[in-house]
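Chemist: Sequence first, then the predicted structure:
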Amino acid sequence: MKQHAAEYAQKIKDMLDSLDFKEVERLTNSVLDAYRNDHQVFIIGNGGSASAASHMACDLAKGTVVPGKRRMRVISLTDNMAMFSAIANDFGYDNVFLEQLKNVLNPGDLVIGISASGNSPNVVNAIRYANQSGAITASIVGFTGGAMKKESDIIIHLKNSEYGPVEDGHLMINHMIATFLQQRFSVDHQIEQRDREERRVLRSEGGELVRSEGPS
């Protein structure tokens, strides 16, 4: 077991060493842009990638909360099993995400697909629909990257051909992005609070209006 664990850890290390962090930054910036422009973020995946989608939605929507700041609008389309199973039953499993997007997707929204192979038909179909609808698309994939690598605006490619390491990588990417955003929102909030306090102090100096109040 010790040797197996060491070999597995080496696979993770090799995969991370080959990661293009510029693409991680691009996805992070796209999530920030969606937040700043009050767009929605939708996350999709199957199996282990479905749980990664739910995990990422939780971390982005709840884990980035800073009291006093507007919250992100993030939804995992893997979580409503009534809707999911009804669509699968009536329209086929390949359309479980596409049909949900038809109800809620707006131009400028961000759709993030998570997959090991990059070839899940229901995720590929949703990415294509999102592209046609004016959304931004991103994929976090493993193996060769599959069809999702060709269809998405942003690609984070975890270069490994085994499900375990790739799915570990999915969660690592999530945590890289979510923890950065939480820290960023906290710092921004501190600066905003300091500026508001500074305006109040300056306004009262000598009974004169030193600086206009501006938006709070």
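Modeler: Structure received. Numbering: from 1, shown residues only.

Chemist: residue boundaries of the helices in this protein?
Modeler: 2-17, 21-36, 48-61, 81-91, 98-104, 121-132, 146-151, 163-204 (DSSP state H).

Chemist: Excluding covalently adjacent residues, which one is nearest to residue 56?
Modeler: residue 174 (4.3 Å; C-beta to C-beta, 6 or more residues apart in numbering). No exception for glycine: its C-beta is placed from N, CA and C like everyone else's.

Chemist: For residue 147, see how far away the one you found is.
Modeler: Here the criterion is C-beta to C-beta, to the nearest Å. By it, residue 174 lies 22 Å from residue 147.

Chemist: The nearest residue to residue 172 once chain neighbours are set aside and residue 150, how far apart?
Modeler: Spatial nearest neighbour of residue 172, chain neighbours left out: residue 16 (7.3 Å); criterion: C-beta to C-beta, 6+ apart. Residue 16 is 24 Å from residue 150, where distance means C-beta to C-beta.

Chemist: in stretch 19-35, what's buried?
Modeler: Neighbour-count burial for stretch 19-35, with 16 or more other C-beta atoms under 10 Å as criterion, is recorded at 19, 23, 24, 26, 27, 28, 30, 31, 32, 34, 35.

Chemist: make that stretch 104-114, sorry
Modeler: Under 16+ other C-beta under 10 Å, the buried positions of stretch 104-114 are 105, 109, 110, 111, 112, 113, 114.

Chemist: swap in stretch 171-181?
Modeler: 171, 172, 173, 174, 176, 177, 178, 180, 181.

Chemist: Ok, stretch 92-100 next?
Modeler: Under 16+ other C-beta under 10 Å, the buried positions of stretch 92-100 are 94, 95, 96, 97, 98, 99, 100.

Chemist: From the chain's centroid, how far away is it?
Modeler: 20 Å (C-alpha atoms, centre = their mean, to the nearest Å).

Chemist: What is the end-to-end distance of that stretch?
Modeler: With C-alpha to C-alpha, to the nearest Å applied, stretch 92-100 spans 13 Å between its terminal residues.

Chemist: Could you do stretch 102-113 as well?
Modeler: Stretch 102-113 end-to-end distance (C-alpha to C-alpha) = 16 Å.

Chemist: what distance separates the worst-scoring helix or strand of the chain on mean pLDDT from the centre of its chain?
Modeler: When the helices and strands of the chain are compared on mean pLDDT, DSSP states H and E, helix 163-204 comes out lowest with a mean of 85. Centroid separation for helix 163-204 versus its chain: 14 Å, with C-alpha atoms, centre = their mean.

Chemist: Tell me what angle it forms with helix 48-61.
Modeler: Relative orientation of helix 163-204 and helix 48-61, computed by axes from the mean of the first three to the mean of the last three C-alpha atoms, to 10 degrees: 10 degrees.

Chemist: Which of the buried residues of stretch 19-35 lies at the shortest distance from residue 70?
Modeler: Among those, residue 35 lies closest to residue 70 (C-beta to C-beta), at 7.9 Å.

Chemist: export the helices of the chain to CSV and tack on distance to residue 73?
Modeler: Formatted as CSV, these follow (distance: least, C-beta to C-beta, whole Å):
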stretch, distance to residue 73
helix 2-17, 30
helix 21-36, 8
helix 48-61, 8
helix 81-91, 18
helix 98-104, 10
helix 121-132, 16
helix 146-151, 23
helix 163-204, 13
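
Chemist: one step back: where's the residue nearest to residue 172 relative to residue 68, distance?
Modeler: Residue 16 is 35 Å from residue 68, by C-beta to C-beta.
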